[in-house]
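Q: attaching a predicted model along with its sequence, questions to come.
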Amino acid sequence: MTMTAEVPVGELVRRWRERRRRSQLDVSIAAHLSARHLSFIETGRARPSREMIERLCDELDVPLRERNALHLAAGFAPAYRERPLPDLGVARSAVETVLSGHEPNPALAVNVRWELLAANRSMQLFLGDIAPELLTPPVNVLRATLHPDGLAPRIRNFTQWRDHAVRRVRRQLERTAAEGLADLLAEIESYPAPAGTDDTVDTTANDLVVPMRIATDDGELSFHYALTVFGAARDVTLDEIAIETFFPADDATAAALRALGPDTETATP
């Protein structure tokens, strides 16, 4: 989706409505306007106010970055600021608290393009022996994980994990229309399975979630992960931050993580 001031605001509204697979009648009722008014907005016969743009964006779950594009297309200034993580004050402290508090389990924060924003020391389990060119900032976590010169040779269930990652990025692209995600999706889909990895479906641990199984000096470790995002964000950067926290999927992995020791810190690329 092209998000520029050259695209009429009505066209952007229509694209987001169709992306959400919603009818004009459905959206108009939910956003408290007439279907005729919404039709006029989409065809350019009426220009929405700032308040109307926000009502429609709330109903269509439009990310803050793309909301700014709609405001610009309507002739308004962007409604949301975009500040780097170090300038986010208490939000940055919250990210660092989650990362450091999750030790000795690995945790990291990424943006919508999967670029690494911060990580705790335990993430070295994943990033320690990756090719240097893949660790040049901004580090793309998916590329560093699935690239043949990255973590891929150590992921024992590579095909299963890559398929899981591909499905996740597809859902993310559908929801956000974020620039660069389509190219990243095509790239990771093209990566071959490294020799020696297991192409079969993992039936170990349990049948609730797909684990990531990694070969390490301490043997094979197995991880589940959880995703945390900020609710009610009012800054573009904060709206796009996701914190991934990894948990041991078996007793051996939990013991290996505990052996890392209490000396921890949070690293920011």
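A: Nice, I can see it.
Q: all contacts plus neighbour counts: C-alpha atoms, from now on.
A: Fine.
Q: ok, Arg234 - contacts?
A: Listed by Cα atoms under 8 Å, 6 or more residues apart in numbering, the contact partners of Arg234 are 64, 80-81.
Q: try Thr245
A: When contacts are counted by Cα under 8 Å, 6+ apart, Thr245 is found next to 99, 102, 105-108, 225-227.
Q: hmm, 7 Å instead?
A: With contact set as Cα atoms under 7 Å, 6 or more residues apart in numbering, Thr245 has these partners: 106-108, 225-227.
Q: now Tyr191
A: Contacts for Tyr191 were tallied using Cα under 7 Å, 6+ apart; they are His147.
Q: where in the stretch 151-269 of the chain is pLDDT low?
A: Under the criterion of pLDDT under 70, the regions of the stretch 151-269 of the chain flagged as low confidence span 196-208, 261-269.
Q: what comes into contact with the longest strand that the chain contains?
A: Counting residues, the longest strand found in the chain (DSSP state E) is strand 219-229. Identification of contacts with strand 219-229 by Cα under 7 Å, 6+ apart yields 211-215, 241-250, 253.
Q: could you pull out the buried residues of the next helix or strand after that strand?
A: Downstream of strand 219-229, the next assigned helix or strand under DSSP states H and E is helix 236-240. Buried residues in helix 236-240, counted by 16 or more other Cα atoms under 10 Å: 236-240.
Q: for the helix or strand hosting Arg14, which positions count as buried?
A: Element membership for Arg14 (DSSP H and E) is helix 9-19. Residues of helix 9-19 classed as buried by neighbour count (16+ other Cα under 10 Å): 9-14, 16-17.
Q: ok, so of the residues you listed, who is nearest Asp183?
A: Within the set of the buried residues of helix 9-19, Trp16 lies nearest Asp183; the separation is 20.3 Å, counting by Cα to Cα.
Q: how near is that closest one to Pro63?
A: Using Cα to Cα, to the nearest Å, one gets 11 Å for the distance from Trp16 to Pro63.
Q: likewise for Arg22?
A: Following Cα to Cα, the distance that separates Arg22 from Pro63 is 17 Å.
Q: if we can go back for a sec, ok, which pair from the buried residues of helix 9-19 is furthest apart?
A: Val9 and Arg17 (12.4 Å).
Q: stretch 55-68: which residues count as buried?
A: Counting neighbours by 16+ other Cα under 10 Å, the buried set in stretch 55-68 is 55-57, 60-68.
Q: out of those, which is nearest to His37?
A: Comparing the buried residues of stretch 55-68 against His37 with Cα to Cα places Leu56 closest, at 12.0 Å.
Q: pLDDT wise, what is that closest one at?
A: The predicted structure scores Leu56 at 98 on the pLDDT scale.
Q: how near is it to Glu240?
A: In this structure, Leu56 lies at 20 Å from Glu240, with Cα to Cα as the measure.
Q: thanks a lot, see you next time.
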